[in-house]
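Student: Below is the structure, and that's it, no one-letter string:
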């Protein structure tokens with residue numbers, strides 16, 4: 001959940017590192033720091049609590065060099081302050097390290113090092129690692145790092161510099177992403193390609209247990225045990241402009257507005273009109289194997305979990321395969337029964353979400369078949385799974401997910417159609433779903449044109465201290481995701497419940513000061529949803545409905561276009577993204593970087 005960037009070459013390094021940190025600030029933004037090798041060969045470090053701009057303001061004019069590493073932090077061990085900011089140095093000031101991840105046995109190692117006379121300057125687990133490297137008697141920097149890594153337990157993505165080895169940066173990965181950028185007589189390293197694409201699109205992604213040595217004119221990869229590995233650079237799909245704000249006030253607004261094009265991308269080239277189905281070549285699941293699936297379990301965290309809930313509903317309706325979604329963070333700790341007839345699907349925007357990746361690895365260890373639904377090509381989950389679907393949403397920089405959520409749900413629609421047509425879904429229903437999928441980009445664009453009205457509604461509700469979100473069956477995961485969006489960026493307390501559960505407890509909360517957002521699709525449960533509105537209105541509750549037609553019992557209704565009932569959840573979430581955005585904007589929140597959160601959760 002932190003950001004790493006490093007460079008070795010001939011250019012002045014400080015501006016490059018600051019630029020990279022700004023690109024990565026969505027991964028952590030409570031402190032930042034940079035270390036370079038100065039002309040004298042001595043390591044020079046600057047750190048600052050707060051955003052990258054605070055760090056930039058502290059850097060002196062004569063802060064020059066051609067090798068350096070930098071970090072932007074999301075605090076796990078120790079409060080956000082200058083002392084806990086990375087990079088960390090060893091006792092002699094010769095070794096510098098930046099670290100993403102969590103060292104599980106840090107307390108034990110810290111106690112032993114203190115007994116040996118080491119004085120710590122921070123509260124972080126990361127500082128343990130740099131002292132282990134600094135105290136190693138090995139002859140090379142690579143061997144020093146390997147020796148230290150053999151003593152630690154936990155997850156890490158690290159970059160290390162050493163004053164006695166000024167011609168190299170050594171990096172390593174275990175559970176936290178590390179990407180090498182291959183330039184012309186210059187090399188980069190980062191925890192995300194966003195920091196690299198303005199300089200090179202040729203990258204190498206390290207696997208767990210892999211290390212690399214970067215020099216200005218070459219690199220090599222090897223395992224933590226020292227065995228050489230082969231590394232073939234790949235080309236990043238997106239260009240630097242994809243990571244810019246593009247004239248919008250925030251990345252969130254930009255990414256919401258990009259959804260018509262994003263949905264068009266996830267559909268492009270996949271629809272097969274001849275057989276009323278779709279082609280998903282990356283599944284690596286032939287028809288015989290698909291027909292043998294007896295159950296589907298979808299695993300994700302946060303927004304990805306909610307997308308999985310909608311996906312499970314689609315799969316059950318269209319393919320008639322029992323399906324459900326579960327938080328990946330819970331799944332692997334309850335000693336689940338892994339059934340050979342169950343197909344597991346791991347969902348992650350970044351493809352690096354630690355809890356999801358750990359669940360995938362546990363399932364693979366037990367012989368399960370696992371597919372991935374991810375956005376980032378070449379990410380860890382994409383590499384570890386047996387196959388899957390890329391959602392092609394494009395780079396998503398805002399901490400909260402919007403377009404990637406929508407594209408993930410559309411990808412599940414494609415998967416449900418694919419499985420349905422292999423099994424018992426009729427040609428007529430296949431044509432119906434394809435027609436509905438094709439309508440989505442234009443319908444999303446139509447809803448975005450009504451943003452001004454949603455902005456007015458958000459201003460009316462922005463004073464609420466708490467809000468209730470309700471939905472039923474297809475609408476319930478939409479309500480959960482909308483509730484999450486609101487609380488993430490506005491900090492308004494919000495809860496989501498099935499509409500059918502109101503009378504079993506939550507009705508006690510209803511009063512004029514607690515508005516309810518109700519998902520009311522025009523489907524077979526319309527009258528039952530209207531009955532829930534009656535219950536709320538009888539208790540003087542305010543209601544904002546999201547529906548296909550104006551609801552008389554609601555104080556306000558956001559009307560959305562009608563699609564096929566199976567696909568309606570995709571559309572009903574769009575205006576609630578805008579509602580959350582404008583509510584937060586009215587409250588003056590930092591929308592792209594909400595407090596206490598970071599984009600890619602690569603720690604447990």
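Tutor: That came through fine. Note that the structure is a prediction, hence the values are computed from the model and not measured. Numbers count the residues shown, from 1 in each chain.

Student: Going by neighbour count, which residues of the stretch of helix or strand residue 359 belongs to are buried?
Tutor: Assigned by DSSP states H and E, residue 359 falls within helix 354-365. Within helix 354-365, the residues that count as buried by 16 or more other CB atoms under 10 Å are 354, 355, 356, 357, 358, 359, 360, 361, 362, 363. Backbone N, C-alpha and C define where each C-beta goes, glycine included.

Student: any idea which of these is least confident?
Tutor: Ranked by pLDDT, the buried residues of helix 354-365 bottom out at residue 354, which has 87.

Student: I'd guessed that residue sits against residue 381; true?
Tutor: No - using CB atoms under 8 Å, residue 354 is not in contact with residue 381; the gap is 10.3 Å.

Student: Can you check what pLDDT the model gives the closest residue to residue 123 other than its chain neighbours?
Tutor: Nearest non-adjacent residue to residue 123, counting by CB to CB, 6 or more residues apart in numbering: residue 78, 3.1 Å away. In this model, residue 78 is scored at 81, pLDDT.

Student: Was I right to think residue 78 contacts residue 84?
Tutor: Yes - assessed by CB under 8 Å, residue 78 is found in contact with residue 84 at 3.9 Å.

Student: Strand partners (parallel or antiparallel) of the helix or strand harbouring residue 388?
Tutor: In this assignment (DSSP H and E), residue 388 forms part of strand 387-390. Paired strands of strand 387-390, with direction, are strand 369-374 (parallel) (DSSP bridges).

Student: Give me the angle between the strand it pairs with and helix 354-365.
Tutor: Using axes from the mean of the first three to the mean of the last three CA atoms, to 10 degrees, the direction of strand 369-374 lies 160 degrees away from that of helix 354-365.

Student: For strand 369-374, which outside residues touch it?
Tutor: With contact meaning CB atoms under 8 Å, 6 or more residues apart in numbering, strand 369-374 is reached by 283, 285, 311, 343-351, 360, 363-364, 381-382, 384-391, 408, 411-412, 415.

Student: Please pull up the helix or strand immediately following it.
Tutor: As the chain continues past strand 369-374, the following element, by DSSP H and E, is helix 380-384.

Student: Which elements pack onto that following helix?
Tutor: helix 354-365, strand 369-374 (3 or more CB pairs under 8 Å, 6 or more residues apart in numbering; DSSP states H and E).

Student: Can you give the contact residues for the helix holding residue 359?
Tutor: Outside helix 354-365, the residues within contact range by CB under 8 Å, 6+ apart are 155, 175-176, 299-301, 304, 327-329, 331-332, 338, 344, 346-348, 370, 372, 380-381, 384-385, 601-604.

Student: Narrow those to those in helices?
Tutor: Among those, DSSP state H puts 304, 328, 329, 331, 380, 381, 384 in helices.

Student: Among those, find the lowest-pLDDT one for me.
Tutor: Out of the ones in helices among the contacts of helix 354-365, that is residue 380, at 88.

Student: I figured that residue hits residue 346, correct?
Tutor: No - using CB under 8 Å, residue 380 is not in contact with residue 346; the gap is 10.4 Å.

Student: Can you list the helices and strands that the helix or strand containing residue 497 packs against?
Tutor: Residue 497 belongs to strand 493-498 when elements are defined using DSSP H and E. Applying 3+ CB pairs under 8 Å, 6+ apart, we find strand 493-498 packed against strand 466-471, helix 475-490.

Student: Deepest in the core, which of the ones you listed is it.
Tutor: Greatest average neighbour count among these goes to helix 475-490 (a mean of 26), per mean count of other CB atoms under 10 Å.

Student: Next, the angle from it to strand 493-498.
Tutor: Using the same axes, to 10 degrees: helix 475-490 against strand 493-498 is 170 degrees.

Student: other SSEs contacting helix 475-490?
Tutor: With contacts taken as 3+ CB pairs under 8 Å, 6+ apart, helix 475-490 sits against helix 303-319, strand 466-471, strand 493-498, strand 516-520, helix 568-572, helix 574-586.

Student: one step back: show me the contacts for the residue nearest to residue 123.
Tutor: Contacts of residue 78 by CB under 8 Å, 6+ apart are 84, 122, 123, 124.

Student: what are the phi and psi values for the last one?
Tutor: This means residue 124. Main-chain dihedrals, residue 124, degrees, to the nearest 10: phi -80, psi 160.

Student: Let me know the pLDDT of it.
Tutor: 92.

Student: From residue 324, how far out is residue 310?
Tutor: In this view, residue 310 and residue 324 are 12 Å apart by CB to CB, to the nearest Å.

Student: Actually, residue 64.
Tutor: Taken as CB to CB, the span from residue 64 to residue 324 is 57 Å.

Student: cool, residue 142 as well?
Tutor: 46 Å.

Student: same check, this time on residue 201
Tutor: With CB to CB as the criterion, residue 201 and residue 324 are 39 Å apart.

Student: cool, residue 279 as well?
Tutor: 26 Å.

Student: again with residue 8
Tutor: 48 Å.

Student: and if you look at residue 497?
Tutor: 18 Å.

Student: just residue 164 next, same as before
Tutor: According to CB to CB, residue 164 and residue 324 sit 56 Å apart.

Student: more crowded one of these two?
Tutor: Using other CB atoms under 10 Å, the more surrounded residue of residue 164 and residue 324 is residue 324, with 14 against 10.

Student: Got the phi and psi for the more buried one?
Tutor: Main-chain torsions, residue 324, degrees, to the nearest 10: phi -150, psi 160.

Student: If I look at it, what pLDDT would I see?
Tutor: pLDDT, residue 324: 97.

Student: Nearest residue to it in space, please, no chain neighbours.
Tutor: Spatially, and ignoring its direct neighbours in sequence, residue 324 is nearest to residue 312 (5.2 Å; CB to CB, 6+ apart).
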